[in-house]
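Novice: coords below, sequence missing:
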Ligand code: XIL
């Protein structure tokens with residue numbers, strides 16, 4: 001071989017080896033979640049404002065590769081979208097739905113009526129009439145604006161206590177149980193094409209499940225449309241209750257509504273005082289023992305996470321006819337709210353992609369379920 005030919009072979013080999021290395025690392029070349037489960041259910045993620053603005057190209061391409069449904073993590077909550085009475089800030093939400101349209105994604109609106117992240121003018125309301133007016137104005141304006149771009153709404157979020165009784169939110173205190181019916185009625189009126197969901201955490205647990213069943217029946221008996229129930233899915237990796245989850249999927253489906261897993265993540269960190277759930281208003285003091293994996297996740301825990309995700313997805317697949325969507329609460333571990341809740345400043349590992357947007361063992365295990373059954 002002549003000298004210059006040798007050089008070309010060398011260059012070609014170098015390019016080939018670089019692209020191989022790239023292939024191994026880049027999730028875009030791996031099988032994707034949305035492709036893998038396309039005949040089963042939608043696969044979603046919550047998007048932060050930075051992700052809606054597409055500020056990081058690598059995260060943005062991962063989102064586009066992997067997910068076919070998107071939920072607004074914060075920007076559609078009342079404190080952001082309706083900061084003062086009758087004054088709406090639609091900028092971020094408009095971008096969110098535009099992103100959904102451009103990329104042909106199933107956009108989920110989160111959330112219309114919730115006691116948390118309320119603007120202060122609502123917190124200050126003390127009479128039923130004003131609160132009713134707020135609900136009407138809020139659902140009317142937001143629901144109508146996104147009537148053709150939001151495919152599903154979390155109409156009411158977290159209306160129940162752990163024992164299944166009504167949460168003493170401002171809505172319940174001033175309006176009683178009927179606020180639920182009024183919220184769904186208004187949503188159905190202004191967003192006739194959107195799927196309407198009730199969304200809550202721990203509603204796979206027996207008592208809270210019973211409360212959710214009462215709530216769904218109440219809407220159905222009032223002749224008001226409810227299409228689905230969202231089990232948030234903020235669970236602990238060591239405390240997954242697959243039986244309770246399965247019983248709940250069956251019980252909700254029995255009522256004729258779809259089940260979505262709307263905010264899936266599995267914390268691997270110790271919970272203060274055995275806390276279970278996702279009450280965003282709870283906060284606790286940290287300490288070194290509460291943040292055991294600040295530098296890296298031990299392989300054993302990474303494997304436990306993979307086991308748990310595999311078990312969950314096997315269950316979801318078993319009930320794929322009842323499940324409309326499985327949405328993760330974030331794209332990668334770095335973004336997860338669980339780094340700051342219920343204790344601020346920890347390092348958590350609850351999702352399928354790591355801080356570098358690389359797929360974790362859990363990702364491969366979830367994908368492999370389908371590979372091995374096909
Ligand atoms: C969380 C967001 O992820 C955080 O960024 C925010 O600070 C608090 O709210 N249940 C819900 C979600 O319905 O809206 C919450 O999202 C997590 C618990």
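Specialist: Done, it's in. Since the structure is predicted, the reported quantities are computational estimates derived from the model, not experimental observations.
Novice: Show me the shaky parts of the protein.
Specialist: Where the chain drops to pLDDT under 70, the residues are 1-30, 273-275, 283-288, 373-374.
Novice: which residues touch the residue nearest in space to the middle of it?
Specialist: Here the mean C-alpha position of the chain is nearest to the C-alpha of residue 263 (CA atoms, centre = their mean), at a distance of 2.8 Å. Contacts for residue 263 (CB atoms under 8 Å, 6 or more residues apart in numbering) come out as 46, 71, 201, 230, 232-234, 278, 327-329. All C-beta spots, glycine's among them, are computed from the backbone N, C-alpha and C.
Novice: Same question for residue 162.
Specialist: 202, 205, 207-208, 277 are the contacts of residue 162 under CB under 8 Å, 6+ apart.
Novice: Would you mind naming what in the chain lies close to the ligand?
Specialist: Within reach of the ligand by CB under 6 Å from any ligand atom, the chain has these residues: 73-74, 157, 232, 263, 278, 280, 337.
Novice: Could you save those as JSON lines and add columns showing distance to residue 361?
Specialist: Shown next, in JSON lines, are these (distance: CB to CB, whole Å):
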{"residue": "73", "distance to residue 361": "25"}
{"residue": "74", "distance to residue 361": "29"}
{"residue": "157", "distance to residue 361": "32"}
{"residue": "232", "distance to residue 361": "24"}
{"residue": "263", "distance to residue 361": "22"}
{"residue": "278", "distance to residue 361": "25"}
{"residue": "280", "distance to residue 361": "29"}
{"residue": "337", "distance to residue 361": "22"}
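Novice: Show me what residue 266 bridges to in the sheet.
Specialist: The partner list for residue 266 in beta bridges (DSSP bridges) reads residue 235.
Novice: Buried ones among the residues of the chain next to the ligand?
Specialist: Neighbour-count burial within these applies to 73-74, 157, 232, 263, 278, 337; the criterion is 16 or more other CB atoms under 10 Å.
Novice: Among the residues you listed, name the ones in strands.
Specialist: 157, 263 (DSSP state E).
Novice: Closest one of the buried ones among the residues of the chain next to the ligand to residue 238?
Specialist: Of all those, residue 238 sits closest to residue 278, with 16.7 Å by CB to CB.
Novice: For residue 54, which non-adjacent residue is closest in space?
Specialist: residue 60 (4.5 Å; CB to CB, 6 or more residues apart in numbering).
Novice: tell me which element the one you found is part of?
Specialist: helix 57-66 (DSSP states H and E).
Novice: just residue 230 next, same as before
Specialist: Going by DSSP H and E, residue 230 is in strand 228-231.
Novice: List the pairing partners of that strand within its sheet, with orientation.
Specialist: strand 195-200 (parallel), strand 258-267 (parallel).
Novice: May I see these arranged in TSV, with distance to residue 345 as well?
Specialist: Formatted as TSV, these follow (distance: least, CB to CB, whole Å):
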stretch	distance to residue 345
strand 195-200	27
strand 258-267	15
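Novice: among the ones you listed, which is nearest residue 134?
Specialist: strand 195-200 (19.3 Å).
Novice: Please work out which residues outside the closest one touch it.
Specialist: Contacts for strand 195-200 (CB under 8 Å, 6+ apart): 110-111, 151-160, 180, 184, 187-188, 208, 212, 215-216, 219, 225-232, 258, 260, 262, 324.
Novice: now residue 68: how far from the ligand?
Specialist: Separation of residue 68 from the ligand (CB to the nearest ligand atom, to the nearest Å): 21 Å.
Novice: thought that residue was touching residue 35?
Specialist: No. Counting by CB atoms under 8 Å, residue 68 does not reach residue 35; the two are 9.1 Å apart.
Novice: Residue in this structure with the shortest distance to the ligand?
Specialist: residue 337 (3.4 Å; CB to the nearest ligand atom).
Novice: could you measure that residue against residue 298, distance?
Specialist: From residue 337 over to residue 298 the distance is 23 Å, taken as CB to CB, to the nearest Å.
Novice: part of a strand, is residue 107?
Specialist: Yes. Under DSSP: H, G, I helix; E, B strand; the rest coil, residue 107 falls within a strand.
Novice: Report the contact partners of it.
Specialist: 69-71, 96-97, 100-101, 146, 149-151.
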